[in-house]
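Asks: Pasting the sequence and the predicted coordinates here, then a few questions.
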Protein chains: 2
Amino acid sequence: MVQQTASMVNGVNVNQLVGTIEAVKENPDLARCKFRAETEWVSGGHSRTKIQGFYAAGQEDASRAQPFILDGDEPPVLLGENHGPNAVEAVLHALASCLAVGFVYNAAAMGIRVESLTFKLEGDLDLHAFLGLSEKTRPGYENIKLTYRVKSDAPREKIVELCNYVQKTSPVLDIIRNPVPVSVTLEG
Amino acid sequence: MVQQTASMVNGVNVNQLVGTIEAVKENPDLARCKFRAETEWVSGGHSRTKIQGFYAAGQEDASRAQPFILDGDEPPVLLGENHGPNAVEAVLHALASCLAVGFVYNAAAMGIRVESLTFKLEGDLDLHAFLGLSEKTRPGYENIKLTYRVKSDAPREKIVELCNYVQKTSPVLDIIRNPVPVSVTLEG
């Protein structure tokens, strides 16, 4: 009888990670996910998003007893009241949190122990399009610069290799770097 | 002497909005913004983002005495502990909060009073790429479906027109629908 012990690396249960990969290999449909959000405008630039249920591993998830609440707003210079970060700042958060998961999970799978991992992000954006003053500049970021800093006892070349791998497999980096079709429907 | 009164529509100061547009017309450099975030990995899938300073209207902003803190994590089925929404869920929040601002600001500029505005979003994502099991499926969303519901006393055709305009000028919708260059640098 083999004793199963949770092998934790970087706070990641490597047994569960390997088990997940094996399960998806056997049943590819388990990889299909649906993520959701509901957002309600409050006033001015302020809106509030609830995030709770999603579909993954063949079923609706029920692990979240309460929804996560995210506030979005603009700062006063952009006519808001700072009830939360603005939408393009939230994109930077999404990007870094995605790369963090990718880096740490893959490091765990490779047996690389991560001591610390931090990201700095900056995006350039020209407001002309948003303000309706130009169709030549794009509404979104012209570019995003991201730097990360890793402390680990792994050799530098392993970390570089891991970074490159994570960039190829990061959902949010893909969403930002490449086109995603968005269908918009107006109801009611 | 003309008395300036704040003309608030939908919680938006229309005088300030018009003033901002006029200022950018006179000095296009005022439209250049830099938004920033700093993210620190905590453990497992959990990371924490601080958002505070940014550059806009020709100067560094100082309106936020404290940073906004956003937690990102995965749910247990994706090996996390639900300390926050995951990265691709945060993308949905960013998208809806962007469209909310665009809709409400432009409605205010057009004199359309918005009574309520809500969004439902869902994105389909296949985990094969993230798990390193396929290079055929993309890591990010295959598609995002967004529906919104507006209550307003404006005629339906005005609302439809406004929705279409907002889609053309939304920063986050542009970021998701179209490619944004992201430069990644590994430090330290």
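Replies: Now that the structure is in, tell me what you want to look at.
Asks: same question for the helix or strand harbouring residue A:89, mean pLDDT?
Replies: According to DSSP states H and E, residue A:89 maps onto helix A:87-110. If you average the pLDDT over helix A:87-110, you get 98.
Asks: Please compute how far that helix lies from its chain's middle.
Replies: In this view, helix A:87-110 has its centroid 5 Å away from the chain centroid, taken as C-alpha atoms, centre = their mean, to the nearest Å.
Asks: Tell me what angle it forms with helix B:87-110.
Replies: 180 degrees (axes from the mean of the first three to the mean of the last three C-alpha atoms, to 10 degrees).
Asks: Heading C-terminal from helix A:87-110, find the next helix or strand.
Replies: Sequence order places strand A:114-126 as the next helix or strand after helix A:87-110, per DSSP H and E.
Asks: on contacts alone, who are the packing partners of that next one?
Replies: helix A:87-110, strand A:141-152, strand B:32-43 (3 or more C-beta pairs under 8 Å, 6 or more residues apart in numbering or on different chains; DSSP states H and E). For every residue, glycine as well, the C-beta is placed using N, CA and C.
Asks: and the helix holding residue A:89, C-alpha only, in CSV?
Replies: Only the C-alpha atoms of helix A:87-110 are listed here, as CSV (Å, rounded to 0.1, in the frame of the first residue of the first chain):
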residue,chain,number,x,y,z
ALA,A,87,-10.4,49.1,-15.9
VAL,A,88,-7.0,49.3,-17.6
GLU,A,89,-5.3,49.1,-14.2
ALA,A,90,-7.3,46.0,-13.5
VAL,A,91,-6.0,44.5,-16.8
LEU,A,92,-2.4,44.9,-15.4
HIS,A,93,-3.5,43.1,-12.2
ALA,A,94,-5.0,40.3,-14.3
LEU,A,95,-1.8,39.9,-16.3
ALA,A,96,0.5,39.7,-13.3
SER,A,97,-1.7,37.4,-11.3
CYS,A,98,-1.8,35.1,-14.4
LEU,A,99,1.9,35.0,-14.8
ALA,A,100,2.4,34.4,-11.1
VAL,A,101,0.2,31.3,-11.2
GLY,A,102,1.8,30.0,-14.3
PHE,A,103,5.3,30.6,-13.0
VAL,A,104,4.7,29.1,-9.6
TYR,A,105,2.7,26.1,-10.7
ASN,A,106,5.2,25.2,-13.4
ALA,A,107,8.1,25.7,-11.0
ALA,A,108,6.4,23.3,-8.6
ALA,A,109,6.0,20.7,-11.3
MET,A,110,9.7,21.0,-12.1
